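# Provide a 3D model corresponding to the input given below.
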Amino acid sequence: MSTDERVLQTTELPQRTGVEPPHSGRIPLRALRDKLVDLWLARELLRQLVGKELKVRYKNSALGFLWSLLTPALMTVVFTVIFQFVIRIAVDDFAAFFLSGYLVWQFFQNSVQGSVGAIVGNGSLIKKVYFPREVLPLSIVLSQVVHLLLALVAVSPYLIWARGWSILTHLPAILLGILLVTIFTAGVSMLLAGANVPFRDLQELIVVIFMVWFYATPIIYPVAMVTGSGNTAATVFGHVLNANPMTWFVKLFRESIYGTVVSNPACADVTTAVERCPRPFLTLAQSWPSPELLVGCTLAALAAFVVGYLAFHRFALNFAKEV
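Okay, here's the model as predicted:
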């Protein structure tokens, strides 16, 4: 018997007759309300699955939970060596700059990539008993929230040393950012977990998608490096960058943890040689996210969750047949 099956047997589930809810081409408002009620009633199952994810991920690992702390630290060392000493990106405290964006990206990537196969990988459970299917991808997302919080606590001494105690005054903005990016990630995870059932190639494509998405998000470079260059290609890429929702979430975290990177007005062109312009970028102190950024992140989070939730339940109508 698998760990998931033991969790289901020891948890009280919402009562339903049959394995699947009635099939329908659309989800009426009343049916949607019932599904949300079922999800609330299954909160204990969700909690048990989150606990299972946290235990199983590092089972038989010598370092266990320490890997959630070591991974961002090791990635920071690698990217700092490459982009501060080899391919120079001249921003202050590059390690802190990188961490302020990478931690939220790592949470998003690990959550979505882990959730893509959540339904296909639990096909035997889905055929045996009815339970709210969305708890499978949501349990992975929530377990990654725990890893994100642990990683933030682990690197906070370094961030405070590098960027000062003012980080603590912006803690409410950081926590709000975690809430919003979690809602956004849950929506994307449900959408892709559901879509992966009829379109199994998605599980293979997701690695490539996230590799492109990573470089299209300002994690290893500041937005000012793109928007301030002035050439046509950079202008087009700047529009893509600004339309990327993960850019908004990274900006929200970076402004609260690290500060804002802007072009140095003393340098007419950010491509000016380092010898002539040793500081092409300036770093402003940490600040509260602007109302426009908060509204944008909130709308992106809610839109992703609603679309992901509705799409997931459309795909769920055929889970029992297709898994």
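
# where does the protein dip in pLDDT?
Within the chain, the ranges that satisfy pLDDT under 70 run 1-32, 57-68, 84, 228-231, 234, 268-278, 323.

# mind listing the strands for it?
260-263, 281-284 (DSSP state E).

# Serialize those strands to JSON lines and add fields for mean neighbour count and distance to Arg88.
C-beta coordinates here come from the backbone N, C-alpha and C atoms, glycine included. Formatted as JSON lines, these follow (neighbours: other CB atoms under 10 Å; distance: least, CB to CB, whole Å):
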{"stretch": "strand 260-263", "mean neighbour count": "18", "distance to Arg88": "15"}
{"stretch": "strand 281-284", "mean neighbour count": "17", "distance to Arg88": "11"}
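
# Throw those strands into TSV and include distance to Thr298, thanks.
Listed next are those as TSV, based on distance: least, CB to CB, whole Å:
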stretch	distance to Thr298
strand 260-263	20
strand 281-284	24
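
# quick one, which of those is nearest to Val250?
Val250 lies closest, by CB to CB, to one member of the strands of the chain: strand 260-263, at 11.7 Å.

# CA-only coordinates of the closest one in CSV, if you can.
Output in CSV follows, covering the C-alpha atoms of strand 260-263 (Å, rounded to 0.1, in the frame of the first residue of the first chain):
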residue,chain,number,x,y,z
THR,A,260,15.6,48.8,-6.5
VAL,A,261,18.3,48.8,-9.2
VAL,A,262,18.2,51.7,-11.5
SER,A,263,20.5,53.0,-14.3
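
# Of all residues in the protein, which one is nearest the centre?
Phe108 (1.6 Å; CA atoms, centre = their mean).

# Surely that one is in contact with Ile183?
No: the pair Phe108 / Ile183 is not scored as a contact, 11.7 Å apart, by CB atoms under 8 Å.

# picking up where we left off before, excluding sequence neighbours, find me the nearest residue to the residue nearest to the centre of the chain.
Thr185 (5.2 Å; CB to CB, 6 or more residues apart in numbering).

# which residues does the one you found contact?
The neighbours of Thr185, taking CB atoms under 8 Å, 6 or more residues apart in numbering as the test, are 107-108, 111-112, 141, 144.

# ok, so of those residues, who is nearest Leu168?
Closest to Leu168, out of all of these and judged by CB to CB, is Phe107, at 20.8 Å.

# nearest residue to that closest one other than its sequence neighbours?
Leu148 (4.3 Å).

# any idea how far that neighbour is from Leu179?
For Leu148, the distance to Leu179 (CB to CB, to the nearest Å) stands at 11 Å.

# the more surrounded of the two?
Using other CB atoms under 10 Å as the criterion, Leu148 and Leu179 rank with Leu148 on top: 22 against 13.

# roughly how far apart are the residue nearest to Phe108 and Leu282?
Thr185 is 32 Å from Leu282, by CB to CB.

# Next: Ala186.
36 Å.

# And for Val250?
19 Å.

# And Thr235, how far from Leu241?
10 Å.

# gap between the two ends of stretch 75-87?
16 Å (CA to CA, to the nearest Å).

# Buried residues in stretch 191-202, which are they?
Using 16 or more other CB atoms under 10 Å as the test for burial, stretch 191-202 gives 191-197, 202.

# and those as JSON lines, adding distance to Ile209?
Listed next are the buried residues of stretch 191-202 as JSON lines, based on distance: CB to CB, whole Å:
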{"residue": "Leu191", "distance to Ile209": "13"}
{"residue": "Leu192", "distance to Ile209": "9"}
{"residue": "Ala193", "distance to Ile209": "14"}
{"residue": "Gly194", "distance to Ile209": "16"}
{"residue": "Ala195", "distance to Ile209": "12"}
{"residue": "Asn196", "distance to Ile209": "12"}
{"residue": "Val197", "distance to Ile209": "17"}
{"residue": "Leu202", "distance to Ile209": "9"}
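
# related to what we said a few turns ago, make sure the residue nearest to Phe107 is actually in contact with Ile178.
Yes: using CB under 8 Å, Leu148 makes contact with Ile178 at a distance of 6.7 Å.

# Next up, the contacts around the residue nearest to Phe107.
Taking CB under 8 Å, 6+ apart as the test, what Leu148 contacts is 103-104, 106-107, 178.

# And Ile183, by the same measure?
301-302, 304-305.

# Mind giving me the PyMOL select for those residues, buried ones only?
Only the buried entries of the contacts of Ile183 go into this PyMOL selection, using 16+ other CB under 10 Å:
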select buried, resi 301+304+305
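
# of all the contacts of Ile183, which two lie farthest apart?
Leu302 and Ala304 (7.4 Å).

# Give me the phi and psi for Arg133.
The phi/psi pair for Arg133 (degrees, to the nearest 10) reads phi -60, psi -30.

# Nearest spatial neighbour of it, chain-adjacent residues omitted?
Of all residues not flanking Arg133 in the chain, Ala316 sits nearest, at 5.1 Å (CB to CB, 6+ apart).
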